[in-house]
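1. Make a model of this:
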Amino acid sequence: MTVTKARVAAPDAQTNSSSALPIALFSIPLGLAGLGGEWNAARRLLGASAVPAAVAYAAAAAVWAAFTITYVVGAIRQRPGRLGVDLRHPLFGPLTAYIPVIAILLTAYYAADLGASARWLCYAAVAALAVNAAALVAHWLSAPLDQDALHPGYFLPVVAGPFIASIGLASVGDRSPAIAVFGVGIYFWLLLGAVITGRLFFGSPLPQPFRPVLSILLSPPGTASLAWFAITGGQIDQLQGAIGAITLFTLLIQLFFLPDYLRLPFSSQHWVFTFPLAVLGNIAIRWAAGVDFAGWKAVAWTALGISTLAILAILGGTLRDTTRWLRRTW
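-> Numbering: from 1, shown residues only. Below is the predicted model of the structure:
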């Protein structure tokens, strides 16, 4: 079964979801967890307060739990088996990986507090991600998509997902499994990267409302860098240098998209920007500390400040729109 271009050109998260809650909204707790991650790095390497990281992760955990319950219950109420509808959707199928990916990030942060249960929770979340990714890949192989259905969000379950799983496994002290899962991410990055890049080069342009997903191109090298930092304990070796160069070049490409991004009317789609922004801030802190050049702390704080302010601006816009909606509703 192929997907028509007309269907691809209408990325409406609400109408194309099997649940009352659009799966795309999980970019909100993912962005909050990413914000917590960069402030946690600042706590360790810059001596920053632990409060911003704690608040960001607590907010991410609360939103993720509320969204997950609403999403699952909403899908089940409509009809048993409807959870698979989003999984098979050409645009939103890959986004179903949000749920286990965020669970891994939360487990990694709270590992010290969870004690021995952290390892079991981490492996459970990684297993859920593996099942989700395998189901998606099996569906893509058995029901080939139209080229125009592909977008950078397809990196989430099989590329960024394994790299984040590697971070989670390293956080509970399992370095060898973390390296193994890192290899899975590298494999699919090479495999899928060529396909998605080819689609963006030679296929039809992404619909304007869907343009923010281009920022996800930063996620594969960014999460790979953070995963390798987690595995090596913050060392900058040759592999980290290669991944860093890829990340930097991908960031340079993104700068040319800025005029298009700034022209977009504000919507919940802007949360897609938050996780790549947080990852960039996190990487900047770790690289600055690792190179340890004169004035590295100023550079790290600047990167952290820019990333945080951008994410808070998106949060502020969301709160403003939510308040307006509540006023109209009441």
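2. Leu21 and Phe293, how far apart?
-> Counting by CB to CB, to the nearest Å, the separation of Leu21 from Phe293 is 46 Å. For every residue, glycine as well, the C-beta is placed using N, CA and C.
3. Tell me which of the two has more neighbours.
-> The neighbour count for Leu21 versus Phe293, taken as other CB atoms under 10 Å, is higher for Leu21 (20 against 8).
4. Could you tell me how many residues sit around Phe210?
-> For Phe210, using other CB under 10 Å, the count is 18.
5. you'd agree it is up against Leu150?
-> No. With contact defined as CB atoms under 8 Å, Phe210 and Leu150 do not form a contacting pair (11.7 Å).
6. center of the protein - which residue?
-> Phe275 (5.3 Å; CA atoms, centre = their mean).
7. what's the closest non-adjacent residue to it?
-> Gly34 (4.4 Å; CB to CB, 6 or more residues apart in numbering).
8. pLDDT below threshold where in this structure?
-> Applying pLDDT under 70 to the chain picks out residues 1-20, 79-84.
9. OK, contacts around the residue nearest to Phe275?
-> For Gly34, the contact set (CB atoms under 8 Å, 6 or more residues apart in numbering) comprises 105, 274-275, 277-279, 282, 311.
10. what's the answer for Ser267, then?
-> Applying CB under 8 Å, 6+ apart, the residues contacting Ser267 are Pro209.
11. And for Ala135, the neighbour number?
-> 16.
12. Ok, Pro207 next?
-> As a burial measure, Pro207 scores 15 neighbours (other CB under 10 Å).
13. For it, give me the backbone phi and psi.
-> Note on Pro207: its backbone torsions stand at phi -60, psi 140 [degrees, to the nearest 10].
14. All the strands of this structure, in order from the start?
-> Read by DSSP state E, the chain holds no strands at all.
15. Which strands or helices does the biggest helix by length in it pack on?
-> In the chain, with assignment by DSSP state H, the single longest helix is helix 296-329. In terms of contacts (3 or more CB pairs under 8 Å, 6 or more residues apart in numbering; DSSP states H and E), helix 296-329 is packed against helix 27-46, helix 274-291.
16. Of all those, which one comes closest to Ala53?
-> Of all the helices and strands packed on helix 296-329, helix 27-46 sits nearest to Ala53, with 3.9 Å by CB to CB.
17. Can I get that closest one in PDB, CA atoms only?
-> The C-alpha trace of helix 27-46 is given here as PDB (Å, rounded to 0.1, in the frame of the first residue of the first chain):
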ATOM      1  CA  SER A  27       7.500  16.400  21.800                       C
ATOM      2  CA  ILE A  28       6.600  18.600  24.800                       C
ATOM      3  CA  PRO A  29       7.900  16.200  27.500                       C
ATOM      4  CA  LEU A  30      10.800  15.200  25.300                       C
ATOM      5  CA  GLY A  31      11.800  18.900  25.000                       C
ATOM      6  CA  LEU A  32      11.500  19.300  28.800                       C
ATOM      7  CA  ALA A  33      13.600  16.300  29.400                       C
ATOM      8  CA  GLY A  34      16.200  17.600  27.000                       C
ATOM      9  CA  LEU A  35      16.200  20.900  28.900                       C
ATOM     10  CA  GLY A  36      16.700  19.000  32.100                       C
ATOM     11  CA  GLY A  37      19.600  17.100  30.600                       C
ATOM     12  CA  GLU A  38      21.600  20.200  29.600                       C
ATOM     13  CA  TRP A  39      21.100  21.700  33.000                       C
ATOM     14  CA  ASN A  40      22.200  18.500  34.600                       C
ATOM     15  CA  ALA A  41      25.300  18.700  32.500                       C
ATOM     16  CA  ALA A  42      25.700  22.300  33.700                       C
ATOM     17  CA  ARG A  43      25.300  21.200  37.300                       C
ATOM     18  CA  ARG A  44      28.100  18.600  36.900                       C
ATOM     19  CA  LEU A  45      30.500  20.600  34.800                       C
ATOM     20  CA  LEU A  46      29.700  24.300  35.500                       C
END
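18. Distance from it to the middle of the chain?
-> Relative to its parent chain, helix 27-46 has a centroid offset of 12 Å by CA atoms, centre = their mean, to the nearest Å.
19. and what of stretch 303-315?
-> With CA atoms, centre = their mean, you get 16 Å for stretch 303-315.
20. what's in contact with that stretch?
-> Here stretch 303-315 has contacts from 31, 34-35, 38-39, 42, 46, 48, 52, 270-271, 273-274, 277-278, 280-281, 284-285, 288, using CB under 8 Å, 6+ apart.
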